[in-house]
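> Got a predicted structure plus its sequence, pasted below:
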Amino acid sequence: MIPMTLAEVARAVRGRLDGVDDAQVTVTAPTAFDSRQVEHGGLFAALSGNRVDGHDFATAAIEAGAIAVLASRPTGTPAVIVENVVTAMSDLAHAVATSYTGRVLAITGSAGKTSTKDLLTQILSREGSVVATQRSFNNEIGFPHTVMRVQADTDYLVLEMGARGRGHIAHLTAIARPQIGAVLGIGSAHLGEFGSREAIAVAKRELVEALDTAGIAVLNADDPLVSAMAGHTRAQVLRFGTGPEGDVRATNITLDASARAQFILRHGDDAAQVTLGVVGEHHVTNALAAAALALSAGVGFATVAEGLNGAALVSGSRMEVTERPDGVTVINDAFNASPESVDAALRSLATIAAATRPTVAVLGEMRELGTTAPALHARIGRRVADLGIDTLITVGGHHAELMAAAAREAGSAQVTHVETKDQVLALINEGLRGRDVVLIKGANSAGLFETAAALATGH
C-alpha cells in the first residue's frame with residue numbers, strides 16, 4: 001500500500017481514531033478482511049456478516065501485526081471508527097488510487113476475466129511491476145483490497161470488475177478510475193439477476209462509460225453487444241477478435257492434441273506466431289483481449305507476442321490439466337460455470353480425447369440463470385450427446401436432473417445423476433479404465449473443485 005498515517009486514513013474514511021496512541025503511525029500494507037490474512041503494518045476491516053462478526057477478531061488481528069482496525073464500534077484495540085466498514089474500505093482505496101500515478105487497466109465481461117488477467121499480467125511483468133486482482137476479488141469488498149495492494153512504484157494495476165446489477169461497475173470505477181478498460185463478452189452468467197443479455201451489456205458498459213477522452217476502450221469485435229459499446233464511450237476504441245473487424249486479431253487458429261491453441265497474432269503490419277500454454281480454443285479470445293490491453297498500455301508488439309507464447313493460467317481450477325501416472329487425464333475447470341464456459345470445456349474434452357480415449361464429464365448445476373435455467377441445462381445435456389462424450393455424471397438438484405434427462409433423450413448411453421459431490425469420486429473410480437479423460441465443471445458453490453483436486457491426486 002502507498003503509505004498513509006492513521007490520521008490520513010481517518011480523514012480519508014471520515015472516521016475517528018479510538019485507542020490510538022500515535023496518529024502518525026504509518027500504514028504500509030493493504031487492508032485485510034480476514035484476520036488470518038493480516039499483513040504486518042496493515043489494517044483489519046471488521047466486517048459483520050450473517051454468521052461471523054469481524055469485530056470479534058480485532059484483538060487477533062492486532063496480534064498478527066495490524067496497525068489498527070477499521071470498525072463500526074470500539075473494539076478495545078487501536079481502531080478507526082466509521083459508520084460503515086465496507087464504505088470505508090472503498091473510501092480508503094479511492095485515496096490510494098488517487099495518489100497512484102501508474103497505469104490502471106480494468107477488465108469486465110460475463111466470463112474470462114480472471115484468465116485474461118492472468119495472461120495480461122504475464123505480458124506486463126516483462127515491462128515492469130504489476131499488481132493484479134487475486135483470485136476473483138472483483139466486488140465491493142475484494143476490489144478495494146486489490147487497489148490497496150498497489151505501491152507508489154508499481155507500474156501497472158490490473159483490476160477485474162464484477163457486476164450483479166446496474167451501478168456496480170460504476171461504483172468500482174469511482175474507486176479507481178481506469179485509463180484502459182476491456183469488455184470481453186456478454187454471456188448467460190447472471191441472467192437470473194439481470195433478466196436478459198441486453199441488460200447485462202448495459203451494466204458492463206459502465207466500464208467504458210467511465211473512460212475519459214484520453215482513455216482506450218478495448219472491445220470484443222466478435223460480440224455485437226460489446227462492439228456496440230463504442231457508441232457509449234468518449235475514449236479511443238481498440239477492437240479485438242477473430243474476424244476482420246478486429247484491430248488485434250488471430251488468424252490460422254489450430255489446436256494441438258492437448259487442445260492448446262496456436263495462431264498468428266496480428267496488429268497493423270505486425271504478425272507473430274503464438275502458441276498458448278492454456279487449454280481450450282476459447283482462450284484465444286482471452287489472449288487477444290490481453291494483447292489488446294497490453295498494446296494499449298504501450299507494450300511493444302514483440303513483447304506482447306513473447307509474453308503470450310507458452311502463457312499459462314496461474315489461478316486454479318480453470319482448465320487445469322493433470323496427467324496422472326496411471327494414464328488418467330483430469331481437467332479441473334470447476335471454479336465456476338456458465339452455459340458458454342461449459343460448452344467450451346466440453347469441446348476441449350472432446351479435442352483432448354480425440355475420439356480414441358474414453359471421456360467422462362462431471363457437470364454440476366449452473367447457478368443464477370433465472371427462468372432460462374431449465375432450457376440452458378437441457379441444451380448442455382444435448383451438447384454432451386452431440387460431442388460423443390462417453391459418460392456423463394450430473395451433480396445437484398432439479399436442473400442437473402434435466403441435464404441428465406436431455407443427454408439420455410439425445411442418445412447418451414451412460415448417464416448418471418447424483419445429488420451431492422460426495423457421491424462423485426466413488427462413482428468415477430468404479431469406471432475408470434486407465435486412459436480416461438475426465439472433465440469436472442460446475443458452479444463454484446457446488447464445490448466440485450475439491451472433487452477435481454482429489455481425483456487429480458488419485459485419492
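In hand now; what should we look at?
> wait, isn't Glu127 in contact with Ala302?
No: contact criterion C-beta atoms under 8 Å: Glu127 and Ala302 do not qualify, at 11.7 Å. Where you see a C-beta, it was placed from the backbone N, CA and C, and this is true even at glycine.
> Ala453: how many residues sit nearby?
18 (other C-beta atoms under 10 Å).
> Report the contact partners of it.
Ala453 makes contact with Asn332 under the criterion C-beta atoms under 8 Å, 6 or more residues apart in numbering.
> which parts of the host helix or strand of it are buried?
If you go by DSSP states H and E, Ala453 is part of helix 448-456. Along helix 448-456, these residues count as buried under the neighbour rule (16 or more other C-beta atoms under 10 Å): Leu448, Phe449, Glu450, Thr451, Ala452, Ala453, Leu455, Ala456.
> Just send the residues you listed back as CSV, with pLDDT too.
Conversion of the buried residues of helix 448-456 to CSV gives the following (pLDDT from 0 to 100):
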residue, pLDDT
Leu448, 94
Phe449, 91
Glu450, 92
Thr451, 94
Ala452, 94
Ala453, 92
Leu455, 94
Ala456, 92
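> and which of those is nearest to Ala214?
Phe449 (40.8 Å; C-beta to C-beta).
> Dihedrals phi and psi, the nearest residue in space to Ala405 that is not next to it in sequence?
Of all residues not flanking Ala405 in the chain, Gly381 sits nearest, at 6.8 Å (C-beta to C-beta, 6 or more residues apart in numbering). The phi and psi values for Gly381, taken as degrees, to the nearest 10, are phi -60, psi -40.
> Tell me, how many residues neighbour Gly381?
26.
> now do Thr26
14.
> Can you name the residues bridging to it?
In this entry, Thr26 is beta-bridged to Thr5, by DSSP bridges.
> next one: Asp270
Beta-bridge partners for Asp270, by DSSP bridges, are His267.
> Could you measure from it over to Val248?
Using C-beta to C-beta, to the nearest Å, we find Asp270 at a distance of 10 Å from Val248.
> right, and Asp343 touches Arg382 too?
No: with contact defined as C-beta under 8 Å, Asp343 does not reach Arg382; the gap is 10.8 Å.
> neighbour-wise, which of Glu127 and Ala302 wins?
Taking neighbours as other C-beta under 10 Å, Glu127 and Ala302 compare with Glu127 leading, 18 against 10.
> With adjacent residues omitted, what lies nearest to the more buried one?
Of all residues not flanking Glu127 in the chain, Val299 sits nearest, at 5.5 Å (C-beta to C-beta, 6+ apart).
> if I pick Ala64, what's in contact with it?
Ser35, Arg36, Val38, His40.
> Could you do Arg177 as well?
Ala97, Val104, Ala210.
> mind giving me a markdown table with the contacts of Ala64 and columns for distance to Leu219 and secondary structure?
Below are these laid out as a markdown table (distance: C-beta to C-beta, whole Å; DSSP: H, G, I helix; E, B strand; the rest coil):
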| residue | distance to Leu219 | secondary structure |
| --- | --- | --- |
| Ser35 | 41 | helix |
| Arg36 | 40 | helix |
| Val38 | 39 | coil |
| His40 | 42 | coil |
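> just curious, which of those is nearest to Ala406?
The closest of those, once distances to Ala406 are taken by C-beta to C-beta, is Arg36, at 43.2 Å.
> check contacts around that closest one.
Applying C-beta under 8 Å, 6+ apart, the residues near Arg36 are Ala64.
> Among Asp270 and Val248, which residue is more densely surrounded?
Val248 (27 against 14).
> That one bridge partners, please.
Here Val248, judged by DSSP bridges, has bridge partners Phe240, His267.
> Could you pull up the residues touching it?
Counting by C-beta under 8 Å, 6+ apart, the residues that Val248 touches are Leu238, Arg239, Phe240, Leu265, Arg266, His267, Leu288, Ala291, Ala292, Leu295.
> okay, now the domains of the chain?
Using automatic domain parsing, the domain ranges for the chain come out as 4-84, 100-308, 320-456.
> Quick one: the ones you listed as a markdown table, columns for distance to Leu92 too.
Putting the domains of the chain into a markdown table (distance: least, C-beta to C-beta, whole Å) gives the following:
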| stretch | distance to Leu92 |
| --- | --- |
| domain 4-84 | 5 |
| domain 100-308 | 7 |
| domain 320-456 | 28 |
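> rewinding a little: check which helix or strand covers the residue nearest to Glu127.
Assigned by DSSP H and E, Val299 belongs to no helix or strand.
> OK, contacts around it?
Ile123, Leu124, Arg126, Glu127, Gly307.
> Just the closest of those residues to Asn220, please.
Lowest distance from Asn220 to the contacts of Val299 (C-beta to C-beta) belongs to Ile123, with 18.0 Å.
> my guess is that closest one contacts Leu308, does it?
Yes: applying C-beta under 8 Å, one finds Ile123 in contact with Leu308, separated by 6.7 Å.
> coming back round to it: strands - which of the contacts of Arg177 land there?
Val104 (DSSP state E).
> export the contacts of Arg177 to a markdown table and tack on distance to Asp326?
Below are those laid out as a markdown table (distance: C-beta to C-beta, whole Å):
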| residue | distance to Asp326 |
| --- | --- |
| Ala97 | 50 |
| Val104 | 47 |
| Ala210 | 51 |
